[in-house]
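Participant: let's see this in three dimensions:
(2 chains)
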Amino acid sequence: MSRARPLPAAAAAVRRGDRRALARLITRVEARDPTVAPVLSALYPFTGKAMVVGITGPLGVGKSSLINGLLAQLRRSGKRVGVIAVDPSSPFSGGSVLGDRIRIDRATEDDGIFFRSMASRGHSGGLALATREVARLLDAFGMDVVLLETVGSGQVDVEVREVATTSVVVLVPHLGDDVQTMKAGLFEIADVFCVNKADLPGADSAKRDLSELVGLASSDGWRPTVLSSVAAEGLGIPELWSAVEAHEQYLDTSGTRLKAARERAADELLALVRDRVGRELSDAFEHDAKLAALLDEVVGRSLDPRSASERLYRELRRTG
Amino acid sequence: MAKTAKASPIRVLIAKPGLDGHDRGAKVVARALRDAGMEVIYAGLRQTPEDIVGSAIEEDVDLIGLSILSGAHMALFPRVLKLLKAHKASDIPVFAGGIIPDEDARRLKKLGIRAVFGPGTTLEEIVTTARGIARRRS
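Facilitator: This is a model prediction of the structure:
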């Protein structure tokens, strides 16, 4: 890459391996601080190397324990790993308790791991944007693998999941019948199914049911792998990682990686523009007299919402 | 519609250094801080000072709360402060709770622990103090 321009200080610090600089940048990205744009832009050429793996599943299925197992395995093979653990914010107080670090046994001061907890902060869309950028920061920091943990339900998680190149859906026996699984939208997103806590009764039948279902569910020609684990005892972890690697390899050999990357890029651009327009508009509704008048018309039934939005859209196109 | 809150929530790390397994107090405080709108990174039991400082840096917290009942506070708390300094992170304030004799509390405050809460402190007092000492971002 032939760019002579010096990196912004924060970007240079990340490339140097400054953990505090990285942590602070993540905070700014999370806060959707617009001044972070030049830093992200300067770091972009250093990204695209890390494998981003989503670990999704309902509360209590053992995602953090699986991540703990994967961390140990990946560190043993010399890989540097970033972890982003997303937990919900309380819709009432806006606060949250982020407890995913508890499950992680890591060697004190192991620089090959960077673990960051993120609260969903109630914004749909915005979280996916932030997560994608945080994953990229970890990539630019030199991480080989980024593990992205989310609670797998609802739109936010599906969006966040789209950040990953391989998605692991974690389930446990007796979570409900297969219709529940379909309802949660987990079939569409899984490249690998992991039935954790496989020492519990019902594990074999859960695995069998899933195997039958995935036979019907292949997208892009990949038939999701189904395997089981007992994460708390480290069982099934090597197999899980092999399945992730097999999917990553499939992305290359089948030529779908590029197509998926283009889709993700389109999603991200769309989301960024939508995010920006949305924010400008919601600000404008509060401060712009013309927009306030438009709202009055809609509320007073002299203009319907679709016509009003049409007028707004034309206005945006003209002034934009 | 809710306004888009511009200010990010205060992020606070709650950890238990030392070997005692009594985490009820830490959990109650964690929940109170969450209910006050903070993002609480709960690190759990048996954290070494190195673990605590490493987590505080990775999570970019505005505040660290340490809970201890083992009596090892005079060994562990100064070590946390020293490590924060070594990592150029002394701007992250630290408060403490647990069974800490008054004399020790005075010495710890002199060393830089911003507040020490003993048994009987109300949650309201902890929340108000935490909010008051948390590092504020520009």
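Participant: contacts only, for residue B:9.
Facilitator: Counting by C-beta atoms under 8 Å, 6 or more residues apart in numbering or on different chains, residue B:9 makes contact with A:94, A:95, A:96, A:119, A:121, B:37, B:38, B:39. From N, CA and C alone the C-beta is placed, and that goes for glycine too.
Participant: try it again with 7 Å
Facilitator: With contact taken as C-beta atoms under 7 Å, 6 or more residues apart in numbering or on different chains, residue B:9 is in contact with A:94, A:95, B:37, B:38, B:39.
Participant: leaving out sequence neighbours, find the closest residue to the second one.
Facilitator: Spatial nearest neighbour of residue A:95, excluding adjacent residues (C-beta to C-beta, 6 or more residues apart in numbering or on different chains): residue B:34 at 3.8 Å.
Participant: my guess is the one you found meets residue A:94, correct?
Facilitator: No: in this structure, residue B:34 is not within contact of residue A:94 by C-beta atoms under 7 Å, at 9.2 Å.
Participant: looking at the residue nearest to residue A:254 when sequence neighbours are not counted now. What's its pLDDT?
Facilitator: Take residue A:254 and drop its neighbours on the chain: the residue closest to it by C-beta to C-beta, 6+ apart is residue A:221, 6.2 Å away. On the pLDDT scale, residue A:221 is placed at 82.
Participant: against residue A:252, how distant is residue A:221?
Facilitator: Residue A:221 sits 13 Å away from residue A:252, going by C-beta to C-beta, to the nearest Å.
Participant: neighbours of residue 102, how many?
Facilitator: Reading this off chain A. When neighbours are counted by other C-beta atoms under 10 Å in any protein chain shown, residue A:102 registers 15.
Participant: actually it's chain B I care about, not the one you picked
Facilitator: Neighbours around residue B:102, by other C-beta under 10 Å: 9.
Participant: could I get the contacts of residue B:9 as JSON lines with distance to residue A:314 and secondary structure?
Facilitator: Formatted as JSON lines, the contacts of residue B:9 follow (distance: C-beta to C-beta, whole Å; DSSP: H, G, I helix; E, B strand; the rest coil):
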{"residue": "A:94", "distance to residue A:314": "36", "secondary structure": "coil"}
{"residue": "A:95", "distance to residue A:314": "41", "secondary structure": "coil"}
{"residue": "B:37", "distance to residue A:314": "40", "secondary structure": "coil"}
{"residue": "B:38", "distance to residue A:314": "43", "secondary structure": "coil"}
{"residue": "B:39", "distance to residue A:314": "41", "secondary structure": "strand"}
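Participant: any idea how many residues pack against residue B:16?
Facilitator: Count around residue B:16 with other C-beta under 10 Å applied: 27.
Participant: got the residues of chain B near chain A?
Facilitator: B:4, B:8-9, B:30-31, B:33-44, B:48, B:50-51, B:54-55, B:57-60, B:89 (C-beta under 7 Å from any C-beta of the partner chain).
Participant: where along chain B do the strands fall?
Facilitator: Ranges of strands in chain B, per DSSP state E, are B:11-17, B:39-47, B:63-68, B:94-98, B:115-117.
Participant: stretch A:257-277: which residues count as buried?
Facilitator: Within stretch A:257-277, the residues that count as buried by 16 or more other C-beta atoms under 10 Å in any protein chain shown are A:264, A:267, A:268, A:271, A:275.
Participant: could you dump those into CSV with distance to chain B added?
Facilitator: Shown next, in CSV, are those (distance: C-beta to the nearest C-beta, whole Å):
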residue, distance to chain B
A:264, 25
A:267, 22
A:268, 20
A:271, 16
A:275, 11
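Participant: can you flag which of these belong to helices?
Facilitator: Members of those lying in helices (criterion: DSSP state H): A:264, A:267, A:268, A:271, A:275.
Participant: follow-up on the earlier one: more neighbours, residue B:34 and residue A:94?
Facilitator: residue B:34 (25 against 19).
Participant: dump the residue contacts of the more buried one.
Facilitator: For residue B:34, the contact set (C-beta under 7 Å, 6+ apart) comprises A:90, A:93, A:95, A:96, A:97, B:40.
Participant: ok, the first one - contacts?
Facilitator: The one in question is residue A:90. Applying C-beta under 7 Å, 6+ apart, the residues contacting residue A:90 are A:96, B:34.
Participant: which of the three states applies to it?
Facilitator: coil (DSSP: H, G, I helix; E, B strand; the rest coil).
Participant: same thing with residue A:60?
Facilitator: The three-state label given to residue A:60 by three-state DSSP is coil.
Participant: count the residues that sit near it.
Facilitator: So residue A:60, with other C-beta under 10 Å, has 10 neighbours.
Participant: for it, give its distance to residue A:118.
Facilitator: 19 Å.
Participant: for residue A:273, same thing?
Facilitator: Taking C-beta to C-beta as the measure, residue A:273 falls 23 Å from residue A:118.
Participant: bridge partners for the spatially most central residue of chain B, pull those for me.
Facilitator: With distances taken as C-alpha atoms, centre = their mean, residue B:65 lies nearest the centre of chain B, 0.9 Å away. According to DSSP bridges, the partner residues bridging residue B:65 are residue B:14, residue B:95.
Participant: which residues does it contact?
Facilitator: Counting by C-beta under 7 Å, 6+ apart, the residues that residue B:65 touches are B:12, B:13, B:14, B:29, B:95, B:97.
Participant: any idea of the pLDDT on it?
Facilitator: Looking at residue B:65, its pLDDT reads 97.
Participant: ends of stretch B:48-67, how far apart?
Facilitator: Distance between the two ends of stretch B:48-67: 12 Å, counting by C-alpha to C-alpha, to the nearest Å.
Participant: what residue ranges in the chain score low on pLDDT?
Facilitator: I'll assume chain A. Chain A contains residues with pLDDT under 70 at A:1-4, A:123-125, A:152-158, A:160-161, A:176-185, A:216-220, A:320.
Participant: nope, chain B
Facilitator: Using pLDDT under 70, chain B drops low at B:1-6, B:137-138.
Participant: now do the helices in chain B.
Facilitator: With DSSP H as the criterion, chain B has helices at B:24-35, B:49-58, B:73-86, B:102-111, B:123-133.
Participant: right, so those helices: which one is the most enclosed?
Facilitator: helix B:49-58 (a mean of 22; mean count of other C-beta atoms under 10 Å in any protein chain shown).
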